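Colleague: Any chance you can model this:
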Amino acid sequence: MKLGSLFKTCIFIVVTGVSVTTHAKNFTVQKLSNQAYVLTKHWSDTSKANMGVVVGDDGILLINTMMQDDVESLESTLRTISPLPVKYVINSNWDTYNHQANAHFAKKGATIIGQKNLQYRPVYTQLLFDDELRLKIGKEEVVAYTTDAHSFAHINVQLNKANVIFMTDSFRND
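Modeller: Next up, the predicted model:
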């Protein structure tokens, strides 16, 4: 895969969104591929954040969990994508709005994953990695890797088959 092509895909998603869009209470769902989605949480017209969803054969990978107060709406939105349970959560960094519902999903059986430096922050995790983590979720190869970005323990999450990178705060347009 060429870096230029991958970067164009990332920019396209960040700037324009992609094809199928549905709405559930305060979330917008954009389908990126047969397995990959972007959920955008809308707190207000000017305040929002993206999450990633990868649907596998036996469960869902969720990239960030957002706020505890939004967990019912999040789960309802996830059910519009797939009836499968959340099997893995990957946290992109320690920002509160990215991880506050981790314990909720862990109680339901999900494995909570983050970069090893999250151990120094008040973030609920179960599995920590150093520089890179690879997971196979259905037909999608997921690669989470450390970046020197916006915050401590920051990672990007690349979906090789979908040709997408969830950059969280690595790319900002403000």
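
Colleague: CA only for contacts and neighbour counts going forward, please
Modeller: OK.

Colleague: any idea how far the residue nearest to Q68 when sequence neighbours are not counted lies from K41?
Modeller: In space, and not counting its chain neighbours, Q68 is closest to A101: 4.5 Å by C-alpha to C-alpha, 6 or more residues apart in numbering. With the distance defined as C-alpha to C-alpha, to the nearest Å, A101 ends up 14 Å from K41.

Colleague: Ok, G59 next?
Modeller: G59 is 21 Å from K41, by C-alpha to C-alpha.

Colleague: higher neighbour count, the two?
Modeller: K41 (22 against 18; other C-alpha atoms under 10 Å).

Colleague: what helices or strands is the host helix or strand of E75 leaning on?
Modeller: For E75, the element it lies in under DSSP states H and E is helix 71-81. Using 3 or more C-alpha pairs under 8 Å, 6 or more residues apart in numbering; DSSP states H and E, the elements in contact with helix 71-81 are strand 21-24, strand 27-31.

Colleague: lowest-confidence stretch among those strands?
Modeller: For the helices and strands packed on helix 71-81, mean pLDDT drops lowest on strand 21-24, to a mean of 50.

Colleague: Where in the chain is the helix or strand with the lowest mean pLDDT?
Modeller: helix 3-16 (a mean of 44; mean pLDDT, DSSP states H and E).

Colleague: tell me the secondary structure for H104?
Modeller: When classified by DSSP: H, G, I helix; E, B strand; the rest coil, H104 comes out as helix.

Colleague: residues near it, how many?
Modeller: 13.

Colleague: Any figure for the gap between it and D70?
Modeller: From H104 to D70 the distance is 11 Å (C-alpha to C-alpha).

Colleague: and if you look at V86?
Modeller: 15 Å.

Colleague: ok, the two, which is more surrounded?
Modeller: A count of neighbours by other C-alpha under 10 Å puts V86 above the other of V86 and D70, at 24 against 16.

Colleague: Backbone dihedrals for the nearest residue to that one once chain neighbours are set aside, please?
Modeller: Nearest residue to V86, sequence neighbours excluded (C-alpha to C-alpha, 6+ apart): I60, at 4.5 Å. Note on I60: its backbone torsions stand at phi -110, psi 140 [degrees, to the nearest 10].

Colleague: Can you give me the pLDDT of I60?
Modeller: 98.

Colleague: try K25
Modeller: Note on K25: pLDDT of 59.

Colleague: And for S82, the neighbour number?
Modeller: Using other C-alpha under 10 Å, S82 has 15 neighbouring residues.

Colleague: Hmm, I typed the wrong one, I wanted R79.
Modeller: Neighbour count of R79, defined by other C-alpha under 10 Å: 12.
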